[in-house]
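Peer 1: Structure for this input, please:
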Amino acid sequence: MKNLLFTLSLGLLNNENFVINSQGNILPTLEKIINDYDFSYKILDLSQVENTGEFIDEITYDKNGLHIYEIVVLKNLDRIGDSFQRDLVRLFNGLKEYDSNLSRLEPKDHVVINGKKIFKSEYRCFIGINTISETPVKLYKNLKECFWFSQFEQETNKDWKVFDNYRETLSLVRQNIDNVYMSPEILSYITSLIIHTRNHRLNTINQIQTRLHTNTIEKIIKLSKSIVAWKNPNTKDLYLTPQICQLAFRKIGYWLVDWENSQIFNSIQDKDLEKRRQLIINMLAGEWYGSEWKYVKQYMKDHESKFDENSNTGFTNSIIEDVIINVRPPI
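Peer 2: Purely as a prediction, here's the structure:
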């Protein structure tokens with residue numbers, strides 16, 4: 001439960017969305033945390049929502065104008081159709097004003113979506129809830145990009161101590177995030193992590209779902225600084241370490257990188273799947289050139305995801321771990 005509060009705090013500090021993957025019903029625990037700190041919230045089952053107009057009606061309330069709930073919990077994020085996933089991407093981009101330089105330099109207290117003026121709260125985030133099964137969650141890549149990172153949580157009913165002066169602490173830490181020092185060597189290390197991830201051998205099999213966007217560098221920096229600032233709320237001289245950067249890289253990378261989510265390469269409905277896989281490998285150049293199929297087949301088998309309750313998604317991610325091992329941190 002302490003990890004769940006930590007995850008929620010990271011989201012609220014930066015007004016960023018995140019995802020919780022769980023095997024059980026995590027909603028009662030999450031709802032208790034939200035109620036203890038008196039946030040306005042809405043739990044929305046996406047399987048019951050048909051379009052973005054209905055979505056906006058559900059996530060807002062009328063109080064001298066339309067306001068977005070501070071916390072919106074989205075159930076069954078992994079069960080919505082492709083068309084609605086694309087609509088949600090446009091809606092999330094609109095809520096963030098497309099993350100433009102103007103929106104950062106001159107932030108507004110409202111956005112206009114579908115002709116409606118919607119006011120934003122000081123603290124706000126969307127929390128996607130996925131119930132995992134035997135395989136990782138499959139989502140439209142651009143929709144995954146709308147969520148900062150993933151956290152895996154088991155169902156728990158343990159009692160916990162309420163955090164005193166929570167909102168005041170959020171305000172204090174938010175002001176301190178930009179004061180966390182990042183050395184040029186750390187920036188180079190984070191950049192190298194992204195470059196090596198984009199150039200991993202398995203990327204060529206599923207580039208759309210695997211290659212990280214270059215803005216992931218900024219996301220890792222922000223998350224790393226937020227973790228350090230939250231862990232040390234009353235300390236001024238703060239700095240990033242390679243270990244913190246690896247933690248942030250795992251939280252983001254495990255969520256965004258998924259080489260197995262390929263409709264072309266991993267279609268379970270194809271009778272001649274292995275022959276088609278072999279043909280694709282034979283056509284690929286680069287690191288696959290001249291590779292014998294039996295060794296390629298074993299290599300892919302070794303890199304398949306497996307359930308892991310200690311990971312950020314509930315599954316292993318061999319690409320991210322390969323990169324962390326091969327990219328040496330600065331001394």
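Peer 1: Where does Leu44 sit, in terms of helix or strand?
Peer 2: Assessed by DSSP states H and E, Leu44 sits inside strand 41-45.
Peer 1: Kindly report the same for Leu187.
Peer 2: Leu187 belongs to helix 184-198, assigned by DSSP H and E.
Peer 1: sorry, back to before: what packs against the strand holding Leu44?
Peer 2: helix 27-36, helix 52-59, strand 71-75 (3 or more CB pairs under 8 Å, 6 or more residues apart in numbering; DSSP states H and E). For the C-beta atoms, the positions are set from N, CA and C on the backbone; glycine is no exception.
Peer 1: hey, where'd the strands end up in the stretch 51-200 of the chain?
Peer 2: Remark: strands assigned in the stretch 51-200 of the chain by DSSP state E, counting those that start in this stretch are 60-62, 66-68, 71-75, 110-113, 116-119, 125-131, 150-153.
Peer 1: and Pro184, which of these is closest to it?
Peer 2: Among these, strand 150-153 comes nearest to Pro184, with 29.4 Å by CB to CB.
Peer 1: In contact with the residue nearest to Asn326 when sequence neighbours are not counted: list those residues for me.
Peer 2: Of all residues not flanking Asn326 in the chain, His196 sits nearest, at 6.3 Å (CB to CB, 6 or more residues apart in numbering). Shown in contact with His196 (CB atoms under 8 Å, 6 or more residues apart in numbering): Val323, Asn326, Val327.
Peer 1: could you redo those residues as CSV and give each row pLDDT, neighbour count and distance to Ile43?
Peer 2: Below are the contacts of His196 laid out as CSV (pLDDT from 0 to 100; neighbours: other CB atoms under 10 Å; distance: CB to CB, whole Å):
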residue, pLDDT, neighbour count, distance to Ile43
Val323, 97, 23, 36
Asn326, 96, 11, 42
Val327, 97, 19, 40
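Peer 1: Which members of the residues you listed occur in helices, if any?
Peer 2: Counting by DSSP state H, the contacts of His196 place Val323, Asn326 in helices.
Peer 1: Which single one of the contacts of His196 is nearest to Trp259?
Peer 2: Val323 (12.6 Å).
Peer 1: you'd agree that closest one is up against His200?
Peer 2: Yes - using CB atoms under 8 Å, Val323 is in contact with His200, at 6.8 Å.
Peer 1: what about Ile320, helix or strand, and which?
Peer 2: Going by DSSP H and E, Ile320 is part of helix 318-326.
Peer 1: any chance of the contacts of His196 in CSV, plus distance to Asp87?
Peer 2: Listed next are those as CSV, based on distance: CB to CB, whole Å:
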residue, distance to Asp87
Val323, 33
Asn326, 39
Val327, 37
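Peer 1: Relative to Asn3, which of the helices and strands packed on strand 41-45 is closest?
Peer 2: Here helix 27-36 is closest among the helices and strands packed on strand 41-45 (CB to CB), at 10.7 Å.
Peer 1: nearest to Thr29, of the contacts of His196?
Peer 2: Closest to Thr29, out of all of those and judged by CB to CB, is Val323, at 32.4 Å.
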